[in-house]
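Undergrad: Structure here, sequence nowhere to be found:
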């Protein structure tokens, strides 16, 4: 398998006034094409910073992140936006839907930035909503949907530009157990259909759904847990 995302000697430092905080410390990790990887660690461990780095939302302070073998630190903001828009689909804990827009319009929005025609946007958005079981909710606004349904709209939005990578930051964090299970099943199905999935979670039982768990603490990877074989490997 080839690495679709990789970090080489990556560190990230945030300036907090007069104090500098090192969120990541010399990280090396590869995510293979088609792999389902969970990132786990205690609060403040750097797991969300690592996720944001691997999904080109942040540039490293040192080292390099490669997405499809392209170094992100060399890209300008427009190039990064194109990579994120075409290669990566984002699912957030808080859904991040626009309240005044319908489900269909929310799903169509990233496709507008990608330059698709209105017809293409509508067709893809309807198809994506059908895929997540919301074909009969296209005209509903977020406040007319349950939490689980809103997260499914968010997943449909992430799928609109047909990305290679799905990035999920605590995707079940605001959901009840039944809705959370439905969302995890959708994510697993996406992975079975060839999508690379990179997910942050603080819940062990959710992390166990992945093929591999990357454990992070104090900004360092302390363990790669291979779930396929039950084998544990060092960092």
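TA: Noted; the coordinates are in hand. A quick note: this is a predicted structure, and the numbers were derived from the prediction, not measured.
Undergrad: drop to CA atoms for contacts and neighbour counts, all remaining ones
TA: Noted.
Undergrad: what comes up buried for stretch 77-94?
TA: Within stretch 77-94, the residues that count as buried by 16 or more other C-alpha atoms under 10 Å are 80-81, 83-92, 94.
Undergrad: again with stretch 208-224
TA: For stretch 208-224, by 16+ other C-alpha under 10 Å, it's 209-221, 224.
Undergrad: quick one: low-confidence parts of this protein?
TA: Scanning the chain for pLDDT under 70 picks out the ranges 1, 228-235.
Undergrad: could you pull out the helices for the protein?
TA: Assigned by DSSP state H, the chain shows helices spanning 47-54, 77-87, 103-113, 118-131, 147-159, 177-192, 204-207.
Undergrad: right, so of the ones you listed, which gets closest to residue 71?
TA: In terms of C-alpha to C-alpha, the element of the helices of the chain nearest to residue 71 is helix 77-87, at 10.1 Å.
Undergrad: Report the beta-bridge partner residues of the residue nearest the centre of the chain.
TA: The residue lying closest to the centre of the chain (C-alpha atoms, centre = their mean) is residue 167, at 1.0 Å. Note on residue 167: beta-bridge partners by DSSP bridges are residue 90, residue 198.
Undergrad: In this structure it contacts residue 89, no?
TA: Yes - if you go by C-alpha atoms under 8 Å, residue 167 and residue 89 touch, sitting 6.1 Å apart.
Undergrad: Neighbours of the closest residue to residue 182 other than its chain neighbours, how many?
TA: Distances taken as C-alpha to C-alpha, 6 or more residues apart in numbering place residue 148 nearest to residue 182, at 7.9 Å, with adjacent residues excluded. Under the neighbour criterion other C-alpha atoms under 10 Å, residue 148 is assigned a count of 21.
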